[in-house]
Structures are given as C-alpha cells and as structure tokens.
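A.B. asks: next comes the sequence, and after it the predicted model I'd like to discuss.
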Amino acid sequence: MAKRTRKPPIKPEIRRDWLRRNEEDGESPPQIAAKDKYDVRTVRKQIDLAKQEREAREARSVVLRNALERHYDDLRKFAEKLNSEISGASNGPSSPDDDLMEAALRQHLPRSPIWGYMSKRQNLQQRVDEEQQKLERVIEESVKADHRLAPLINAGLDGIVPSIVAVLVAEAKQWSHGNIGHSLKDSLVMEPAGEGLVNPRFGFSHMGIMEVEHSERYVKIVHDVLEDLESRLRDWEDYRDLEKTIAEIGRLGGKLREELAVIRLRRIVLGRCKYCPL
C-alpha cells in the first residue's frame, strides 16, 4: 500500500484565489479541486475560511474608519472652539481635554503658522491688559486733577471720581475695539433716590445721591468734565498704544481664522499624532 503524502498547509493567497475563482469566475469547489488536484473538502473549507478572513478585515476596516472619522471630528471641533475664542464668541468653560487636543493638533501640523500666531496673540493680549491698566491710571489721575469736581467732593459725593473714571474707562475700551460708545446726552438718567434726592446715572455708572436742588448744577459739571476728557482721550499716547495693539490682535486673529478654516472645512487633518487610531 502506497504511503499517503500530506500536502503542506494552504497558503492565504491560495485560498483567496480560490474564493475569487468561485465568486468571480463561477468555478465550483469540485472544479477547483479537480483542476488544482486538492480534495474538494479542503477547497470548501479554505473558501469558507477566506470568507471569514475577508469579513474580519472588512469589520476591522469599518471600526478603524469610524475611529479615524471621530478623531478628525474631535480635531475639527477643537479648531471650531479656537475660532470661537478668537472671535470672542465663546464664553464656555475650557475642557480638561483642551491641552490634549492642542498637543494632538500640533503633532498633526507641526509646521503650521497657527502656533506662531497663537503665541504672538497671547503676548499681545498680555500687552493689552498692561496698557489698559496704565490707561486707567492715567484717566484716574486726570479726573482727580480736575478742580471742577471740587464742589461735588466737598458736598460729600466721594464716589464721583471713581464713577467718572468707570465711564471713561468703558468708553476707551469701546473705542479701542472700533465701537461707537454712548452719547452723554442720551445716556443721562435722573433716578429718584428718596424725597428730594436723585442719583444721576451716565450709562451704567451712578454719580452719587444728591439733593434735587443741586442736581442740575452738579450734573452739568460732571457732563462738562466727561465731555472734555472724552474729547482729549483719543489723543493720549497711552490710548493710541492700546488702540494700536488691539488692531494688531485683530489682524492676527484674521490670519488665525484663515488657517483654522482649512481644518474646519476640509474635515481631514494631514499628518499623525499619538492618538491616531491607525
């Protein structure tokens, strides 16, 4: 009796070829077995195995594709958040994952100008804070030095100086951002504060409770001081420095939004990071 020789294990490429011939060329397992000199049971088993391997590959591909899409969407949402912060439209709290998302985006786009722009913008914002504080001090010194307010201070209206300073500081912030501000005439409201008393308010800032009989004269003094300082404030060097820095932040923000728009609208981020599913 002749000794039976055992054929070596079927290689993956052979069973994939059998599956192709069966599905695409229409060859039946017996035909493949006869042509390739294999047992028909082996051919059937290997075709079934090739189908299982294909289904497993397709399942892995779907999982990886979905994971990659979610990863790209996370990066896109982070770019949206950065864009909102730059535009001043975001008031939401920062997420614990923000630092991780920024690190991931940096790894994807290490040479992007975004990072240089963001660093420069942060430095400019710090300069704005310093220049605003300096301008507030200059405004306060100018208000305190105005002798026209002496009658009001002597009458016990100690809050008149900080109230005027608050109005002028708010105006300076509005102007430096390109906004119009308020009208002294239209924003004056005489709020009742008890019998024979009023508390004049310019915009959001109360001037202090005073007797009605003195209010007209006192309000005119406050109005004249505000009007005079407002007319000169834009020419102060400290204000012009602030306005210039804010304008520079605006230009830089425009460049940043252009770069972020590529991420937001393309929806696919080039490069890789350690969080990539592939």
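C.D. replies: It's in. Please read all numbers here as calculations on a predicted model, not as lab measurements.

A.B. asks: domain ranges for the chain?
C.D. replies: As assigned by automatic domain parsing, the chain contains the domains 12-68, 75-121+246-266, 126-242.

A.B. asks: tabulate the ones you listed (JSON lines), appending mean neighbour count, mean pLDDT and distance to residue 275.
C.D. replies: Where C-beta positions appear, they are placed from N, C-alpha and C, glycine not excepted. Converted to JSON lines, the domains of the chain look like this (neighbours: other C-beta atoms under 10 Å; pLDDT from 0 to 100; distance: least, C-beta to C-beta, whole Å):
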{"stretch": "domain 12-68", "mean neighbour count": "14", "mean pLDDT": "92", "distance to residue 275": "10"}
{"stretch": "domain 75-121+246-266", "mean neighbour count": "15", "mean pLDDT": "90", "distance to residue 275": "5"}
{"stretch": "domain 126-242", "mean neighbour count": "15", "mean pLDDT": "86", "distance to residue 275": "30"}
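
A.B. asks: can you redo these as CSV with distance to residue 273?
C.D. replies: Listed next are these as CSV, based on distance: least, C-beta to C-beta, whole Å:
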stretch, distance to residue 273
domain 12-68, 12
domain 75-121+246-266, 4
domain 126-242, 29
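
A.B. asks: looking at the ones you listed, which is nearest to residue 272?
C.D. replies: domain 75-121+246-266 (6.7 Å; C-beta to C-beta).

A.B. asks: any idea how far the closest one is from the chain center?
C.D. replies: On the basis of C-alpha atoms, centre = their mean, to the nearest Å, domain 75-121+246-266 sits 6 Å off its chain's mean C-alpha point.

A.B. asks: between the two ends of that domain, how far is it?
C.D. replies: End-to-end distance of domain 75-121+246-266 (C-alpha to C-alpha, to the nearest Å): 11 Å.

A.B. asks: just give the closest residue to residue 161, not the sequence neighbours.
C.D. replies: Nearest residue to residue 161, sequence neighbours excluded (C-beta to C-beta, 6 or more residues apart in numbering): residue 143, at 5.3 Å.

A.B. asks: check which helix or strand covers that neighbour.
C.D. replies: Using DSSP states H and E, residue 143 sits in helix 114-144.

A.B. asks: pull the residues that contact the very next helix or strand once past that helix.
C.D. replies: Using DSSP H and E, the helix or strand that follows helix 114-144 towards the C-terminus is helix 150-154. Applying C-beta atoms under 8 Å, 6 or more residues apart in numbering, the contact partners of helix 150-154 are 160, 161, 208, 210, 217, 218, 221, 222.

A.B. asks: could I get the full set of strands for the stretch 51-200 of the chain?
C.D. replies: Using DSSP state E, counting those that start in this stretch, the strands found in the stretch 51-200 of the chain span residues 188-192, 197-202.

A.B. asks: same list (those strands) but as a markdown table, adding distance to residue 256.
C.D. replies: Formatted as a markdown table, the strands of the stretch 51-200 of the chain follow (distance: least, C-beta to C-beta, whole Å):
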| stretch | distance to residue 256 |
| --- | --- |
| strand 188-192 | 41 |
| strand 197-202 | 37 |
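
A.B. asks: looking at the ones you listed, spot the one closest to residue 84.
C.D. replies: For those, the distance to residue 84 is smallest for strand 197-202, at 32.9 Å, taking C-beta to C-beta.

A.B. asks: for the residue most central in space within the chain, give me its contacts.
C.D. replies: By C-alpha atoms, centre = their mean, the mean C-alpha position of the chain lies nearest to residue 82, the distance being 2.1 Å. By C-beta under 8 Å, 6+ apart, the residues touching residue 82 are 118, 256, 260.
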